[in-house]
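[1] sequence below, structure please.
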Amino acid sequence: MTMPFYVPAEQMMKDKADFARKNIARGKALVAMLYADGILICAENTSSTLRKVSEIYDRIAFAGAGKYNEYDRLRIAGVRHADLKGYSFSREDVDAQSLANAYAQMLSDVFTHEIKPMEVEIVVAELGVDPSGDGLFHIFYDGTVVDEKDFTVLGGGEADAIAERVKQTYEPGRPFDAALRAAVAALAGDRRLSSDDLEIAVLSRGNGRRAFRRLSAEEIDAALAGGSGGSRADDSGAGGAAGQAGTAADEVPAPADETSTGTPAVPDASDTSETPDAGSGEGDGES
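    The predicted structure is shown next:
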């Protein structure tokens, strides 16, 4: 009778953990941090279609690092979980803590029972009614959940160095522009990152019920340059009253200018166009 191949459980778990960490490090890192009016998620991502940061529910966002097709499967499962719970009970019953626990159980089951673990780290962020209710849940490849207080860093071979740079510059209650510049500087290190290299989204209390909003390249450039990108990030991308009122006011023609020639002045046309978000794509590479 052939003896079965035996590997100690400790060695098997260690090999799986080493495998997952090595492959997650091949991807690009991201930073999630609290700022004065919400939560900022800043990811290094050169793709215009594969998204590392997405909306899960009204006030909940998801971000992943590692193998794209694996954390995108988790994102879809999270959307279904949140929709079912919101439909069965109420929208207020959907929270990031229960979603993080569901993710932890899924990742733990795969890590324990499957030959290959999932090569991902994810973060689930929830925006509270006030800053004391904001939450960041960092879930690792083996199902470990960490309740982060101010910021967290996912993925990348320099995650520890990036976290140290964020820690040295982090200040609670900073405005959006300052928080974004600090996050980008931590990700970049000695390099220089532009809007083409970044994917940035916010959960903002100024955005109404749908708190999630993805920033355009123009807004990122303005914020990095110290312009008005932060104020635009806090506008309601889903139709906030302030943004709509401002647009309506711009569209009202100016009164005729009584001049000596009797020719009325022509009002300037306001540019109210918005850049649509790119749709999510499919892939299985590291990001």
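[2] shaky segments in this structure?
    Filtered on pLDDT under 70, the chain yields the residue ranges 1-4, 227-287.
[3] helix or strand next in line after the longest helix along it, which one?
    What stands out as the longest helix in the chain, according to DSSP state H, is helix 68-88. Sequence-wise, the next helix or strand downstream of helix 68-88 (DSSP states H and E) is helix 96-113.
[4] just the angle for the helix or strand immediately after that following helix in the chain relative to helix 96-113, thanks.
    The helix or strand immediately downstream of helix 96-113 is strand 120-126, counting by DSSP H and E. In terms of direction (axes from the mean of the first three to the mean of the last three CA atoms, to 10 degrees), strand 120-126 departs from helix 96-113 by 170 degrees.
[5] and the contacts of strand 120-126?
    Contacts of strand 120-126 with the rest of the structure, by CB atoms under 8 Å, 6 or more residues apart in numbering, involve 24, 30, 32, 39, 41, 56, 59-67, 70-71, 74, 78, 95-97, 99-100, 103, 107, 133-141, 148, 152, 154-155, 203. Quick note: C-beta positions are derived from backbone N, CA and C, even for glycine.
[6] sheet partners, orientation included, of the very next helix or strand once past it?
    Next along the chain after strand 120-126, taking DSSP H and E as the criterion, comes strand 135-139. Under the criterion DSSP bridges, strand 135-139 sits next to strand 120-126 (antiparallel), strand 145-148 (antiparallel) in its sheet.
[7] using CSV, write down the CA coordinates of the next helix or strand after the shortest one.
    So that's strand 145-148. Next helix or strand after strand 145-148 toward the C-terminus (DSSP H and E): strand 151-154. Output of strand 151-154 as CSV, limited to C-alpha atoms (Å, rounded to 0.1, in the frame of the first residue of the first chain):
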residue,chain,number,x,y,z
PHE,A,151,-5.2,55.2,7.3
THR,A,152,-4.1,51.9,5.7
VAL,A,153,-1.8,50.8,2.9
LEU,A,154,-2.4,47.8,0.6
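[8] now the element after strand 151-154, going C-ward?
    Using DSSP H and E, the helix or strand that follows strand 151-154 in sequence is helix 159-169.
[9] contacts only, for the closest residue in space to K52 that isn't next to it in sequence.
    Leaving aside its chain neighbours, K52 sits nearest to A43 (4.4 Å; criterion: CB to CB, 6 or more residues apart in numbering). Counting by CB under 8 Å, 6+ apart, A43 makes contact with K28, A29, L30, V31, K52, V53, A63, A65, L198, E199, I200.
[10] against D15, how distant is the third one?
    Relative to D15, L30 is positioned 27 Å away (CB to CB, to the nearest Å).
[11] more neighbours: which of the two?
    Taking other CB atoms under 10 Å, L30 and D15 do not tie; L30 has more neighbours (30 against 12).
[12] from what I can see the more buried one touches K52, true?
    Yes - using CB atoms under 8 Å, L30 makes contact with K52 at a distance of 6.1 Å.
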